[in-house]
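Sequence first, then the predicted structure:
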Amino acid sequence: MVLLSQHGLPPAQIAELLGCHLATVRRWISRFNDEGLAGLADRPRPGRPRLGGRRLTSRIAVLLQRPGPWTLPRIRHYLGRPQVSPRTLYRRIRLVAIWRRPRLTARGDPDHDHAVAQIVARLIELPRRSVVLAEDETHLNLLPHVRASWTPRTARPQIPTPGTNRQVTVFGAIEMTTGAWVYRLGRRCAADFIALLDQVLRAFPAAPAIVVICDNDSIHHARKVIPLPGGASPARTAVRRPVQPS
C-alpha cells in the first residue's frame, strides 16, 4: 500500500487493486506518514492475552502422568478452566495423548507369599491319594454388553434381543494333577457353592481327603458354608472329608 502510494496511486485505486477496504488503505498510509516504518509494526490489541500453546500443552502432559481416567471436561477442570474453546483444548490434548482404553493389570496380593506358604503346608500334611482342586466362578449374560460407537445424529441403531437380560454363574473346579474338572450352573450364592462342593465329593468318592482352593469371594466364607476343622478360614482352602462307607 505504501509503495503504491509513493508511486502516485490514489487510495481508492490501491484498495481496488489489493481487494481491501478503502479505510484500511488510508489507515496504513496515514500511520506511515506520521510515524514512518515504526508505524507499520503491530500494536497491542485489546482483550485477554492469549494462553501460550506450548505452555498449555506442557501442563496437559504433566497432568496426564497422574492416574486417570482423563476426559476432556475433567482435564479442563484440573487445568483451572483455561480461556480456550473445547476444540482448541482437544487439539492441544491430541498433541500429547490419544483416546484408548487402559490396559488391565493384576493388582497383586501383598500377602501372596504367606498365603501360598500356608496352602503348601496344609497340602503336605494330606494323606496319599488326596484330591486337590482349584475353584473359580464366571458370569454369563444372556444379552451381551453393547458398547458405544459413532452413529448418525438423526438415527439411533436398534439391536434385536431375545428378551430381558438374565445372568448365569458358572462354577468350576479342576483337579490339579489329572485335569479332571467339575462344573455346575447356578446363581452367585453360597448355596450353589455348597452344591458344587457336594458335586465334587460325589466325583471323587474314594479320595481320603478333598481340598478345594478358592479365592476370597464372599460366597466362599458365608455363614452357610461349613467351617473348616481347626478354625481355618475357608477363603483360602476348603477341605471336606467324605464319609467312608461302613
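Structure's in. What do you need? Numbering: from 1, shown residues only.

those strands in this protein, which residues are they?
131-141, 167-175, 181-186, 210-213, 237-240 (DSSP state E).

Need those strands in a markdown table (columns: distance to I98).
Where you see a C-beta, it was placed from the backbone N, CA and C, and this is true even at glycine. Compiled in a markdown table, the strands of the chain are given as follows (distance: least, Cβ to Cβ, whole Å):
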| stretch | distance to I98 |
| --- | --- |
| strand 131-141 | 30 |
| strand 167-175 | 34 |
| strand 181-186 | 41 |
| strand 210-213 | 41 |
| strand 237-240 | 45 |
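
Nearest to T88, out of those strands?
The closest of these to T88 is strand 131-141. By Cβ to Cβ, the value is 41.3 Å.

Note down every partner strand of the closest one and its orientation.
Take DSSP bridges as the rule and strand 131-141 pairs in its sheet with strand 167-175 (antiparallel), strand 210-213 (parallel).

Kindly reformat these as CSV containing distance to G39.
Formatted as CSV, the entries for the strands paired with strand 131-141 read as follows, by distance: least, Cβ to Cβ, whole Å:
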stretch, distance to G39
strand 167-175, 77
strand 210-213, 86
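
Identify, out of these, the most deeply packed stretch.
By mean neighbour count, with neighbours taken as mean count of other Cβ atoms under 10 Å, strand 210-213 ranks first of those at a mean of 20.

which stretch in the strands of the chain has the least confidence?
Comparing mean pLDDT over the strands of the chain, the weakest stretch is strand 237-240, at a mean of 42.

and the residue nearest to A222 when sequence neighbours are not counted, what does it touch?
Take A222 and drop its neighbours on the chain: the residue closest to it by Cβ to Cβ, 6 or more residues apart in numbering is A190, 3.7 Å away. When contacts are counted by Cβ atoms under 8 Å, 6 or more residues apart in numbering, A190 is found next to I219, A222, R223, K224, V225.

of those residues, closest to I124?
Of all the contacts of A190, V225 has the smallest distance to I124: 24.4 Å, by Cβ to Cβ.

Tell me the predicted confidence for that closest one.
The predicted local distance difference test score for V225 is 81.

For the remainder of this discussion, apply numbering that starts at 31.
With the count now opening at 31, the last piece we talked about shows up as V255.

pretty sure it contacts A221?
No. Look at V255 against A221 with Cβ atoms under 8 Å: they stay out of range, at 9.6 Å.

hang on, the earlier thing: could you measure the residue nearest to A252 against I204, distance?
According to Cβ to Cβ, to the nearest Å, A220 and I204 sit 21 Å apart.

cool, and Q95?
In this structure, Q95 lies at 42 Å from I204, with Cβ to Cβ as the measure.

now swap in L47 and tell me
Distance, L47 to I204, by Cβ to Cβ: 87 Å.
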